[in-house]
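Enquirer: the following block contains a protein sequence and its predicted model.
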Amino acid sequence: MITTILWDVDGTLLNFTYSQELALKKCFQSAGLMITEEILKRYDRINDSYWKRLELGEVTKAQLLIGRFQTLFEEFGIENVDLERFGKEYQQELGNIYQYIDDSCNICQALRGQVDQYVITNGVTLTQRNKLKLSGLDVWMKDIFISEEIGVPKPDPLFFVKCLQKVTEKDRSHILVVGDSLTSDIKGGIQAGLKTCWYRPNGTVNETPWVPDYEISHLNQIFTILEHSLLN
């Protein structure tokens, strides 16, 4: 029986791609720079690669926050940009923009009383807390666990150890991790001995060794998983 859900945020409850694109456009405009579709697409790939390196322990969060823009600007020959200022403005804008995935807020509201819900995220504290508050998702969460505050990112086992110390449910077989990242959410959940659910709305193929207990293409399928768990 599943009594507890640990939700990922970006790419699971909220549309990170939407927020990222609008935040970048605002920051480029603020800096007096032109932005193209090519720049947007390239940034997305660079940013993703930095987050993967963070998961592997190859870069620190501070290196990620500056390095991704440094790499982008160097590739496109953009000069004379205060990287630290640009990065801070970007994080602020990112926290002001949100879009629900699959009516996630109402789904979380409907789950209240059925299960305890928590957030587990690798995002920046200021950005995530603001975005969760503005979106109203924080209301339905029993606690919010952010890697920047914990000191290590998902999928590091220590991240989950520290989260589980504050989670009411102590039987790990009753806790479900729901997220879109196989290398962060699913890997971390499996290593921590938790149930895992991979959210893959676009039919992405799993090319990793990490096999989740469940797979869903729409968040409302979580209700079916909870019903199924009552029978086992």
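Expert: Noted; the coordinates are in hand.

Enquirer: which helices and strands does the helix of greatest length in the chain pack with?
Expert: With secondary structure taken from DSSP state H, the chain has its longest helix at helix 37-55. Here helix 37-55 touches helix 16-30, helix 61-75, going by 3 or more C-beta pairs under 8 Å, 6 or more residues apart in numbering; DSSP states H and E. Every residue, glycine included, has its C-beta placed from N, CA and C.

Enquirer: what's it in contact with?
Expert: Contact with helix 37-55 is made by 17, 20-21, 24, 28, 59-61, 64, 67-68, 71-72, 75-76, 122, 153-155, 183-184, as judged by C-beta atoms under 8 Å, 6 or more residues apart in numbering.

Enquirer: again with stretch 220-227
Expert: Outside stretch 220-227, the residues touching it (C-beta under 8 Å, 6+ apart) are 2, 5, 102-103, 107, 110-111, 114-115, 176, 178, 197, 214, 216.

Enquirer: cool, stretch 135-149 as well?
Expert: 6-7, 9, 13-14, 61, 98, 100, 104-105, 108-109, 111-112, 116-125, 128-129, 132, 153-154, 159, 162-163, 166-168.

Enquirer: can I get the CA coordinates of it in CSV?
Expert: Provided in CSV are the C-alpha atoms of stretch 135-149 (Å, rounded to 0.1, in the frame of the first residue of the first chain):
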residue,chain,number,x,y,z
SER,A,135,1.5,27.7,-8.5
GLY,A,136,-0.3,26.8,-5.3
LEU,A,137,1.4,23.3,-5.2
ASP,A,138,3.1,24.0,-1.9
VAL,A,139,-0.3,23.9,-0.2
TRP,A,140,-0.7,20.2,-0.9
MET,A,141,2.8,19.2,0.2
LYS,A,142,3.7,18.1,3.7
ASP,A,143,7.3,19.3,3.1
ILE,A,144,9.6,20.4,0.3
PHE,A,145,13.1,18.9,0.0
ILE,A,146,15.5,20.9,-2.2
SER,A,147,19.0,19.6,-2.9
GLU,A,148,20.6,23.1,-2.4
GLU,A,149,19.3,23.0,1.2
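
Enquirer: buried residues in that stretch?
Expert: For stretch 135-149, a neighbour-count test (16 or more other C-beta atoms under 10 Å) marks 135, 137-138, 140-141, 144-148 as buried.

Enquirer: stretch 95-115 too?
Expert: For stretch 95-115, by 16+ other C-beta under 10 Å, it's 95, 97-98, 100-102, 104-105, 107-108, 111, 115.

Enquirer: what do you get for stretch 43-61?
Expert: Neighbour counts over stretch 43-61 (16+ other C-beta under 10 Å) mark 43, 46-47, 50-51, 54-55, 59, 61 as buried.

Enquirer: quick one, strands of the protein?
Expert: Counting by DSSP state E, the chain has strands at residues 4-7, 116-121, 143-146, 175-179, 195-199, 214-216.

Enquirer: dump these to TSV, plus distance to Gly188 and mean pLDDT.
Expert: Listed next are the strands of the chain as TSV, based on distance: least, C-beta to C-beta, whole Å; pLDDT from 0 to 100:
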stretch	distance to Gly188	mean pLDDT
strand 4-7	9	98
strand 116-121	8	98
strand 143-146	11	98
strand 175-179	7	98
strand 195-199	9	98
strand 214-216	16	97
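
Enquirer: any chance of those strands in a markdown table, with distance to Gly32 too?
Expert: Supplementary listing: the strands of the chain in a markdown table, determined by distance: least, C-beta to C-beta, whole Å:
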| stretch | distance to Gly32 |
| --- | --- |
| strand 4-7 | 38 |
| strand 116-121 | 32 |
| strand 143-146 | 33 |
| strand 175-179 | 37 |
| strand 195-199 | 38 |
| strand 214-216 | 43 |
